[in-house]
Structures are given as C-alpha cells and as structure tokens.
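Undergrad: Quick one: sequence plus predicted model below, questions after.
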Protein chains: 2
Amino acid sequence: MANRRASITDLAKELKLSASTISRALANHDDVSEATKQRVRALAAELNYQPNQLAAALRKGRSNTLGVLVPHITGHFFPLVVHGIATEASKAGFNVMIFQSNEDEQQERKNIDLLMNAQVEGILVSLANTTQHFEHFEAVQKQTVPLVFFDRIIEGMEGQKVAAVSLDDYQGAYEVVSHLVEQGCTRIAHFTGPLHLNIHKNRHQGYLDALQAHGLPVEEPLTVFCSMDQKGGRQGMQKLLRLAAPPDAVFSSNDLAAVGALQLVKEKGLRVPQDIAIVGFSNEKFTSLTEPTITSVDQRCEQMGQTAVRLLLKMLNATSETAAPPQNIVLKPKLLIRESSSRKPQ
Amino acid sequence: MANRRASITDLAKELKLSASTISRALANHDDVSEATKQRVRALAAELNYQPNQLAAALRKGRSNTLGVLVPHITGHFFPLVVHGIATEASKAGFNVMIFQSNEDEQQERKNIDLLMNAQVEGILVSLANTTQHFEHFEAVQKQTVPLVFFDRIIEGMEGQKVAAVSLDDYQGAYEVVSHLVEQGCTRIAHFTGPLHLNIHKNRHQGYLDALQAHGLPVEEPLTVFCSMDQKGGRQGMQKLLRLAAPPDAVFSSNDLAAVGALQLVKEKGLRVPQDIAIVGFSNEKFTSLTEPTITSVDQRCEQMGQTAVRLLLKMLNATSETAAPPQNIVLKPKLLIRESSSRKPQ
DNA sequence: TTGAAAGCGCTAACAG
DNA sequence: CTGTTAGCGCTTTCAA
C-alpha cells in the first residue's frame, strides 16, 4: 500500500497545531517553545516526514539548485571539473542539475531553457565548440540569474563582460618551452589543433613568445597542425622527422598526440628525451604510465570547478549595490616534469 | 533593471484571457482555438516566457527529474556511466540531479534524503563501499519512488528483491582465464582486492571456476591480495616472482595493478607475454597506450547507465497492476585481446 | 471555446 | 508562543 508522503498539514492535524507552527518548529525558529519543537520533531521522525523542496522553493523563490551545462561528461577533463563543482556545491548546500550539450549549439540553447525552467539559482557553463551565437546566455543574464563560464569561455559577449574561470594556457605553454630550453633543446616543434579554439590559440602563442624570449628562431614548419589524437601525433611526428633539420623537442597541445609522437620516435630507433624530448598538455592519467613517462601540464580541473562555484555563490550573494563587475579568474597551470623531457640529472 | 520573469498570469492580463486558457494554449490543448493559441504563443515568445517547472511539478506531483547518487565522479568508470545516464534521461525528457556519497554511508543517507526532498521521480544508485545498512533505501521504496541500483548493488535487501543493473564480472573473469589457457598459459595467478566487494568476489570466483573447468590446479599462493593500484601491482608481482614456481600469467582484477605488474616484469628482464602474460580489467584508456598494450575487459559503462535509466523508466510507467517483480539485469562484458596476452599469432 | 475556483505544500506577514 | 490569511505559478475540474 502506497504510504502517501506526510506533509506539514498532516503533522498539524495530528498534533492539533497550525501548519505555520509546524513549519517554524521544523525550521527551528526561536519563537516556538522547546516542548512544541520536541513534539513536532518526534512526529516528523515517526512519520518519516520529508519536506517538499519544490513547494518551499516555489514559495521562497529560491530553488537551492545550481545548473551545470557541459559539452559532455567523458574524457579526462570534464568529469574532474564536474566533480569539483558537485563537491563544492554540496558543501554550500546546493543541489546540482546537469546537462550535456554534446557540442551542439541547439542542444545548448535547449538545455539553458530547461535549466531556467527548473528555476536554478545560477548556471555554470562550458561552451559547445560549435557555439557561435550567445543570445541564450544574454537571456539568462537579463533574468538576473548569475552565469559563470569555465574553460571554454566567451571572449567578449557583445561587449559585456561575463564571469569566467579558465586556465592560463599561454602561461602553461610558455613554461613548457622554457623548461625544454633549460634542458638544452634548441629546435622545439609544436603540435596544435585549429587555432580558432582558444586553448590552442593561447598555447600556440605561449609557444611562440617563449621561443622569442629565449632567442630561438621561430620556424614555420615546426608548428604542425594535426588531429589531436594518437594517430595525429604519429603523423605529425612523421612529418617532423622528414624535415631537413628535424626538431630536438616536441611540445604537443595535448597528451594523446604526445603519446602518438612518442611511439613513433621509439619505433624509429630514436631515444626520448635524448634525441627528441616530448611534452604533452593536460596531465592525463596515462602520462605517468608510458615509457618513458610524459612531462605534461596539469589543468587544475577540480580547482576550476571549485573556483567556478565559489565565484557563482559570490555573485549570488551580492546585492545590486555590492555587485562588482564580472570577475575573470585565470588559474595557474602546473608543469609536471617527467622522464620524456628530463635530459639533465636533477 | 531586473526584468521579473513573465508568468502565465502576466500573459493572461496582457491578452485579457484567463490563466487557464493560457495554460491550455501553451500545452497545445485541442479545446483552444487556433487563433488564441497563436496570440498566446506570440506574446510568450515576445516576453520570453519561461514556464516555472517548480510550480508545474508541485501542481502535477511530477518533477520530471531523476536522481543519481554515485560514490564519486572521478576515475574511469563513473563518469562514463553518468554520461550514459544523463544522455538517456535527456532523451526521455528528464532532468538529472547528481550527488556524490564520497564512499561514505552517512553522506549517502543524507543525499538520498535530499533527492527525496527534491521530489525526484526515481533514483539511480551505486553504493558507497562502506554502506552496511539499507534502511534509507527501504524508505525510498516505501514512498514508492522507483529505485535502480547499478554496478555496486545490494545482493538481497532484507529479503526483498531490488532492481539492479550490473556487469557479469564472473563471466568476464572466466573468459580471461579461458583466453589465457588458449594462449598456452598453465600457471595463472590472480590479483584481487578484498573479497567482501562483489566485483572482486565474483571475478575471483570466475577465475577459480575457469581454472577448474580447464583442468588446471588451483594453488592458493597464486591468488594475491594486493592494493589495486600501480604500486600494489608491483608488490604483488614481486611476491609471485619469488615463488618456487612462478606463474606464466597474471590476471589482475583491475588495470592499474596490471600496469604495475607489467612494469616490474619488464624491469626484471622478462618478456610480456612470452614469459608472463598479463590481463587487466576495466579497459581504461591507458591499456592501449602501454608497451605492450594490455588485454582487458570492457565494462560497458555507458550501456550500464543507459540500461539503468530504461529500467527505471519502465518501473515509472508500470501501474501497480502491470508491475513485474524487480528486474536484475546483468550485462555481458567484452574481452579485448591486446599484446600483453597474445602469445600465438592470430 | 473560455473562465472561475480550488489547491499542490510550504512560508511569511500580521495579529493576537 | 501560536494561529489566520494569503499567495508562490501552475493545472484541472466544473460550469458556463
């Protein structure tokens, strides 16, 4: 037999009190006698009373829920960020509702609508890589629902500033190149994906600037556009080895292409890092399991999620007076030096 | 200036219609004239009307939301399952709310309460590994909220059957051993974690039964209890190599320990798979990036999520008459044969 | 085809 | 300290 869930009204009838008193007792208001509170709590426990958050949210105009919209929950990066988000939101007493855009702008729009319908109090978004229009986000802001972008962010949303948390890809790339120079490398190549994606663009720029800063010439053939997976890495490496003057180091914009390059180099009978040093980006699990282990850059995934939530909560608590202009937080990456780039003894 | 969100009442006033008509028009009821519908839709679009799902849910008693409770959203397995869940739920028009128990029974209880408060229509759970008591789940069932366990399931909840989706670990292990026998291995060792966890227990049993089925003796020292990470795998391997009669194959209950074993074997100058074949479990990304690549068992992560949601929806649609006894779905694992166990040419 | 009225469960004035 | 009243926004009888 289906136990209908006990409501405040049920408790009220049972105890011959009013609904408001029950509500106050459960909320532990000062103006309810301790005796009454006891009775209410006892009965609530006995009937296994569960407050209906929907009703409370409707009444209070606060859903206690945050929305998350990511391209997908697969791979290395997003699960970790989502983990960071969920953990931090929980700490603050918020529920988390999750949607995936599947890298599709249409789904992104639809999911934003769903989140708004669900009356979430704030939204954390990482853009689909196909997104070109941003009206759906402007609509969110018009409704004064705080919005924080992370990782894949809008550079300038119709001139308006938006809150965002991202990684300093430029800095990460710069450090990689500096490290390689320190290890004695002088001809450093770079694997990159399409430069219209900000991650690749910024890493590429960091690469170029670091070369110049260290007085190394920038040679166009050393920047290789390849598909950023294992196979692409192999192909990129093949191209580099065929050059008249092959490089003595490769900095790949991700780890998968780095591992592809590593494999090819080894097959050709060359040594890593002595003949060619290799560095990846993202610090995926497997970088410490290959032979040699691969130097990479940690993206602070969980910290990014945590930071994004904190920023959102800050915006949520700000009144229109205390409201500061939208913050753009840039996290520092961490270079993890492993065997694939360690030419000199520590 | 904060645009208050447009409500049905607002539309009603504007169009000099009643709220009920607006509601019906937006729901595309037959008994509203096409002309009226047009007018309503036009204004709704103009004012960027967003239905308040909270209010609708409260009124209808249906939140359109599913709850997910996992130990955590990290590692290889759970993110993929969650991805499967989120994708399938979206297809069916459900929102997904996610919580993590962090492997802690207390948090699990608390999160179940939160999900119930949020009035989710069904819950998908994978148990925390510390969970010993199940009253919190019985409470859910009493409230007739459908509950589906996945991966980490309750074997028998106070005698009651519960709906569950899991992987046939026994079968996976059995296939691994059969494959190793086929490759000519005769002394097959096994790395396992604590046997009170069903994944390890079932894999271990599959290992034992397969040995017997192939007429191989079961030797106790060949079952090694070790911490199921890289370091544990190395230690386990060390122990095995010290045996008077070391094994010619190791089946590890996970991939990380397998990679540890692999590394140690290579360091000792032994060849994989010729001297010692190695097989893992889970089909983590890195198993195809090591040298040699590691044979492993795919756990059908996304399919598990998808299946769990479908089962839940089926339960949700069942009336008390059509209700069947709780289903226990067991997915078939898939053995992926790679270099670390391929002694014979294909 | 439309409207009036009631209520989902909760909370927050306001009153006593 | 407790009760009365009203209403969050929506849907659904019932009546016109």
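TA: On my side now, so go ahead.

Undergrad: Could you use CA atoms for every contact and neighbour count after this?
TA: OK.

Undergrad: Now the residue of the stretch 101-250 of chain A at minimum distance from DNA strand C. Nearest residue, chain neighbours left out?
TA: Nearest to DNA strand C in the stretch 101-250 of chain A, going by Cα to the nearest atom of the strand, is A:Gln119, at a distance of 14.2 Å. Spatial nearest neighbour of A:Gln119, excluding adjacent residues (Cα to Cα, 6 or more residues apart in numbering or on different chains): A:Ser63 at 6.2 Å.

Undergrad: Near chain B, which residues of the stretch 1-150 of chain A are found?
TA: Residues of the stretch 1-150 of chain A lying close to chain B by Cα under 8 Å from any Cα of the partner chain are A:2-5, A:50-55, A:57-58, A:72-74, A:79-80, A:82-83, A:86-87, A:90, A:95-100, A:113, A:116-119, A:142-144.

Undergrad: Give me the buried subset of those residues.
TA: For the residues of the stretch 1-150 of chain A next to chain B, a neighbour count by 16 or more other Cα atoms under 10 Å in any protein chain shown gives the buried set as A:50-55, A:57-58, A:72-74, A:79-80, A:82-83, A:86-87, A:90, A:95-100, A:113, A:116-119, A:143-144.

Undergrad: for the residue nearest in space to the middle of chain A, phi and psi?
TA: Centroid-nearest residue in chain A, with Cα atoms, centre = their mean: A:Val81, separated by 4.3 Å. A:Val81 adopts backbone torsions of phi -60, psi -40, taken as degrees, to the nearest 10.

Undergrad: And the lowest-mean-pLDDT helix or strand in chain A, what's buried?
TA: Within chain A, no helix or strand scores below helix A:135-142, which has a mean of 90 by mean pLDDT, DSSP states H and E. Within helix A:135-142, the residues that qualify as buried are A:Phe137, A:Val140, A:Gln141, counting by 16+ other Cα under 10 Å.

Undergrad: for stretch A:268-275, same thing?
TA: In stretch A:268-275, counting by 16+ other Cα under 10 Å, buried: A:Val272, A:Pro273, A:Gln274.

Undergrad: got the residue ranges for the helices in the stretch 101-250 of chain A?
TA: Using DSSP state H, counting those that start in this stretch, the helices of the stretch 101-250 of chain A run over residues A:105-117, A:135-142, A:169-182, A:198-213, A:230-241.

Undergrad: Can you mark which positions in the last one are buried?
TA: The one in question is helix A:230-241. A:Gln230, A:Lys231, A:Gly232, A:Gly233, A:Arg234, A:Gln235, A:Gly236, A:Met237, A:Leu240, A:Leu241.

Undergrad: Then the first one?
TA: Counting neighbours by 16+ other Cα under 10 Å, one finds that the buried residues in helix A:105-117 are A:Glu105, A:Gln107, A:Glu108, A:Arg109, A:Asn111, A:Ile112, A:Asp113, A:Leu114, A:Leu115, A:Met116, A:Asn117.

Undergrad: Can you tell me which of the residues you listed is nearest A:Glu155?
TA: A:Glu155 lies nearest to A:Glu105 out of those, by Cα to Cα, at 16.8 Å.

Undergrad: Quick check: phi and psi at the closest residue to that closest one other than its chain neighbours.
TA: Closest residue in space to A:Glu105, ignoring its immediate chain neighbours: A:Thr131 at 4.9 Å, by Cα to Cα, 6+ apart. Backbone torsions for A:Thr131, taken as degrees, to the nearest 10, come to phi -70, psi 120.

Undergrad: Can you get me a residue count around A:Thr131?
TA: A:Thr131 has 14 neighbours, counted by other Cα atoms under 10 Å in any protein chain shown.

Undergrad: what's the answer for A:Arg343, then?
TA: Close neighbours of A:Arg343, defined as other Cα under 10 Å, add up to 18.

Undergrad: Can you tell me the closest non-neighbouring residue to A:Val272?
TA: Using Cα to Cα, 6+ apart and skipping the chain neighbours, the partner closest in space to A:Val272 is A:Ser340 (5.7 Å).

Undergrad: Pretty sure A:Leu58 sits against B:Leu54.
TA: Yes - contact criterion Cα atoms under 8 Å: A:Leu58 and B:Leu54 qualify, at 6.2 Å.

Undergrad: can I see the domain layout of chain A?
TA: Annotated domains of chain A cover A:8-51, A:64-167+A:301-332, A:169-299+A:335-341 [automatic domain parsing].

Undergrad: and the shortest one, does that touch DNA strand C?
TA: I take that to be domain A:8-51. Yes - using Cα under 7 Å from any atom of the strand, domain A:8-51 reaches DNA strand C at A:Ile8, A:Thr9, A:Ala19, A:Ser20, A:Ser23, A:Arg24, A:Ala27, A:Gln50, A:Pro51.

Undergrad: So the third one versus chain B, what's the distance?
TA: Read it as A:Ala19. Going from A:Ala19 to chain B by Cα to the nearest Cα, to the nearest Å gives 18 Å.

Undergrad: residues in contact with that residue?
TA: Neighbouring residues of A:Ala19 by Cα atoms under 8 Å, 6 or more residues apart in numbering or on different chains: A:Ile8, A:Thr9, A:Leu11, A:Ala12.

Undergrad: cool, and the second one?
TA: When contacts are counted by Cα under 8 Å, 6+ apart, A:Thr9 is found next to A:Ser18, A:Ala19.

Undergrad: Likewise for the first one?
TA: Listed by Cα under 8 Å, 6+ apart, the contact set of A:Ile8 reads A:Ala19, A:Ile22, A:Ser23, A:Pro51.

Undergrad: So the second one is in contact with A:Glu14, correct?
TA: No - A:Ile22 is beyond contact range of A:Glu14, at 10.8 Å (criterion: Cα under 8 Å).

Undergrad: higher neighbour count, these two?
TA: Neighbour comparison, A:Ile22 and A:Glu14: the larger count goes to A:Ile22, with 24 against 11 (by other Cα under 10 Å).

Undergrad: quick check, the strand or helix carrying the more buried one touching DNA strand D?
TA: In the assignment (DSSP states H and E), A:Ile22 maps to helix A:19-26. Yes - for helix A:19-26 and DNA strand D, the contact criterion (Cα under 7 Å from any atom of the strand) is met by A:Ala19, A:Ser20, A:Thr21.

Undergrad: Dump those into TSV; add pLDDT as well.
TA: Below are those laid out as TSV (pLDDT from 0 to 100):
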residue	pLDDT
A:Ala19	94
A:Ser20	95
A:Thr21	96
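
Undergrad: Closest one of those residues to A:Gly280?
TA: Nearest to A:Gly280 among these is A:Ser20, at 60.9 Å by Cα to Cα.

Undergrad: quick one: the strands in the stretch 1-150 of chain A?
TA: A:65-70, A:95-100, A:122-125, A:147-150 (DSSP state E, counting those that start in this stretch).

Undergrad: Quick one: list the elements packing against the third one.
TA: I take that to be strand A:122-125. Contacts defined by 3 or more Cα pairs under 8 Å, 6 or more residues apart in numbering or on different chains; DSSP states H and E place strand A:122-125 against strand A:65-70, strand A:147-150, helix A:301-317.

Undergrad: can I get those in a markdown table with mean pLDDT, distance to DNA strand C and mean neighbour count?
TA: What follows is the helices and strands packed on strand A:122-125, written out as a markdown table (pLDDT from 0 to 100; distance: least, Cα to the nearest atom of the strand, whole Å; neighbours: other Cα atoms under 10 Å in any protein chain shown):
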| stretch | mean pLDDT | distance to DNA strand C | mean neighbour count |
| --- | --- | --- | --- |
| strand A:65-70 | 98 | 15 | 24 |
| strand A:147-150 | 96 | 24 | 24 |
| helix A:301-317 | 97 | 16 | 21 |
